[in-house]
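S.K.: Just a sequence and a predicted model for now, questions to come.
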Amino acid sequence: MAGGALPTGLLGLFQSAGALPSSQTPRCAGTVLDEHGEELPQTRLRPGQTCRTQDGLRPTGSKTFEEAENLRARERRELLEEGALCTAYGAGGPALVLHRLGLPWRRPGRAPPARPERADGTG
């Protein structure tokens, strides 16, 4: 269980880091249109603009700046939730193994680590 949990935990940390907000505006994979329907030569949406996507000559959809921001916020939340779950699983696996096996110095039949004697005999 612990063998696969640790990489999963690391994956969770990376996924959570990917959910951190960025200062960039949403990207448009299609054509950016202004408020009047004019095409703009850019790939980033700004307030009041719309992104229109096409599959060849056929339009496949459009989204406004606000819709793109909401979609990006939802994707961030999902990434954060998945990352937290993977991180908890990754930390839980080794914790469970250590709990079941016991810490090396607390295992039955083992003496606690001996402290080295001091040269002056005060131990």
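M.R.: Arrived safely.

S.K.: So which elements touch the lengthiest helix in the chain?
M.R.: Looking across the chain with DSSP state H, the single longest helix is helix 65-101. Applying 3 or more C-beta pairs under 8 Å, 6 or more residues apart in numbering; DSSP states H and E, one finds that helix 65-101 makes contact with helix 2-18. (C-beta placed from N, C-alpha, C; glycine too.)

S.K.: How far does the helix or strand immediately after the helix it packs on in the chain sit from its chain's centre?
M.R.: Per DSSP states H and E, helix 2-18 leads on to strand 31-33 as the next helix or strand towards the C-terminus. The chain centre lies 30 Å from the centre of strand 31-33; the measure is C-alpha atoms, centre = their mean, to the nearest Å.

S.K.: Over to stretch 7-27?
M.R.: Per C-alpha atoms, centre = their mean, the centroid offset for stretch 7-27 relative to its chain is 4 Å.

S.K.: Please name the bridge partners of the nearest residue to residue 40 once chain neighbours are set aside.
M.R.: Nearest residue to residue 40, sequence neighbours excluded (C-beta to C-beta, 6 or more residues apart in numbering): residue 32, at 4.5 Å. Here residue 32 sits in beta bridges with residue 40, residue 51, going by DSSP bridges.
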